[in-house]
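> Pasting the sequence and the predicted coordinates here, then a few questions.
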Amino acid sequence: DYYFKKGVLVGLCGGKSNANIIAHLSKYYSTAFFGCVGDDDAGKVALDSLSQLNVDTSHIKKIPYPSKKFFIEDGEYDTVCPYCHRKRSYSGLKFTSEDVIPYLKDDDVFILDNANATSMEIIHSIEGKAFIDLGYLGNLAYASLGEIEELLANRFEIINMNERVYNFLKRKFAIDSLNLYDLLKPKILIITRGKRGADIIYDGILIKKEIEDAEKEVDSSGAGDAFFAEFIHEYLNSNKVDEKFISKAYIHANSIARVVVNHLGARSHLQRLYRITDYSECICGSFHIK
């Protein structure tokens, strides 16, 4: 992720929603990330940013393509570099279930940020507790309600989705949040609504959490990821899901989200942004950092 302020590059940090969630949880647990990264300088930042937080990166596969890059300013992001106006990124999934499953244990806890076919094959092949963050729909945008149910139902402890994803499903299938909860059957369904709070459903009970004194935001990147990470942490430490638990978990999760929005960068509350000292051709190509 490249962060800009008034058109000027401020710094870089590693990105991706589930990586941000795992980065936050690394202060509580032994963590590892599975996936791939481009074999370039941006890929080195992505790897180093996780390693610095004691996340095991040995299962991240380097691939001979440019890393995925996002250019972010004032909460808006683009995949096209504002300097050279090119998009340098790999596309498509570059690893298979065989790259992951042999290394997993049934007592591991799993965190996903998508419902693509490979991720679902992996998650349905093991027994451990699983959590999914749906910040975008991806292949689910073209799935039927029955297909979504087949992919997600009865597998996740918590399904977390933002308001944009929920509103799409609501309009497409004419269902409300309680219908969605009954269909997917997680222990908890969370619909985040940014500065306005969140809707949280457990045992068929809808609890609306509203924020009356929203924090003035420096940058909202990563706030939802940190919120979900802290909610997962509270859930894993709890013996019972009831209204008292929901209240406590929300307070803690909202508290860390308020910290995150006071920093520029999704992980700047955990580590400093990387600074480019010099580069060759463009900032999205070859560069040196400090």
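Perfect, I can see it now.

> Going by C-alpha atoms from here, please, whenever you check contacts or count neighbours.
OK.

> Phi and psi next, for Val37.
The phi/psi pair for Val37 (degrees, to the nearest 10) reads phi -150, psi 150.

> wait, it sits on Ile60?
Yes - in this structure, Val37 is within contact of Ile60 by C-alpha atoms under 8 Å, at 6.8 Å.

> Quick check on these two: which one has the bigger neighbour count.
Neighbour comparison, Val37 and Ile60: the larger count goes to Val37, with 21 against 17 (by other C-alpha atoms under 10 Å).

> Quick check: nearest residue in space to that one, chain neighbours excluded?
Lys62 (5.1 Å; C-alpha to C-alpha, 6 or more residues apart in numbering).

> Shouldn't that neighbour be within a helix?
No - assigned with DSSP: H, G, I helix; E, B strand; the rest coil, Lys62 falls outside any helix and is strand.

> where does this structure dip in pLDDT?
Along the chain, the model assigns pLDDT under 70 to residues 214-215.

> at 80 what do you get?
93, 212-216 (pLDDT under 80).

> which one's the longest helix in it?
helix 243-260 (DSSP state H).

> mind exporting it as CSV, just the C-alpha atoms?
In CSV, the C-alpha atoms belonging to helix 243-260 read as follows (Å, rounded to 0.1, in the frame of the first residue of the first chain):
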residue,chain,number,x,y,z
GLU,A,243,-25.1,-9.8,25.2
LYS,A,244,-22.5,-9.1,27.9
PHE,A,245,-19.8,-10.6,25.6
ILE,A,246,-21.0,-8.6,22.6
SER,A,247,-20.9,-5.4,24.5
LYS,A,248,-17.4,-6.1,25.9
ALA,A,249,-16.0,-7.2,22.5
TYR,A,250,-17.5,-4.2,20.7
ILE,A,251,-16.0,-1.8,23.2
HIS,A,252,-12.5,-3.3,22.8
ALA,A,253,-12.8,-3.6,19.0
ASN,A,254,-14.1,-0.1,18.6
SER,A,255,-11.4,1.3,20.8
ILE,A,256,-8.6,-0.1,18.7
ALA,A,257,-10.3,1.1,15.5
ARG,A,258,-10.4,4.6,17.0
VAL,A,259,-6.6,4.3,17.5
VAL,A,260,-6.0,3.2,13.9
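
> Renumber starting at 27 from here on
With 27 as the first residue, the last one maps to helix 269-286.

> got the contact list for the helix or strand that comes right after it?
Following helix 269-286 in sequence order, the next helix or strand is strand 302-306 (DSSP states H and E). Contacts to strand 302-306, defined as C-alpha atoms under 8 Å, 6 or more residues apart in numbering, come from residues 37-38, 309, 311-316.

> mind checking the end-to-end distance for stretch 133-141?
21 Å (C-alpha to C-alpha, to the nearest Å).

> contacts for it?
43-44, 48, 145, 149, 153-166, 177-178.

> For that stretch, list every residue counted as buried.
136-141 (16 or more other C-alpha atoms under 10 Å).

> Just put those in JSON lines and tack on secondary structure and distance to Gly33.
What follows is those, written out as JSON lines (DSSP: H, G, I helix; E, B strand; the rest coil; distance: C-alpha to C-alpha, whole Å):
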{"residue": "Phe136", "secondary structure": "strand", "distance to Gly33": "38"}
{"residue": "Ile137", "secondary structure": "strand", "distance to Gly33": "34"}
{"residue": "Leu138", "secondary structure": "strand", "distance to Gly33": "33"}
{"residue": "Asp139", "secondary structure": "coil", "distance to Gly33": "29"}
{"residue": "Asn140", "secondary structure": "coil", "distance to Gly33": "31"}
{"residue": "Ala141", "secondary structure": "coil", "distance to Gly33": "34"}
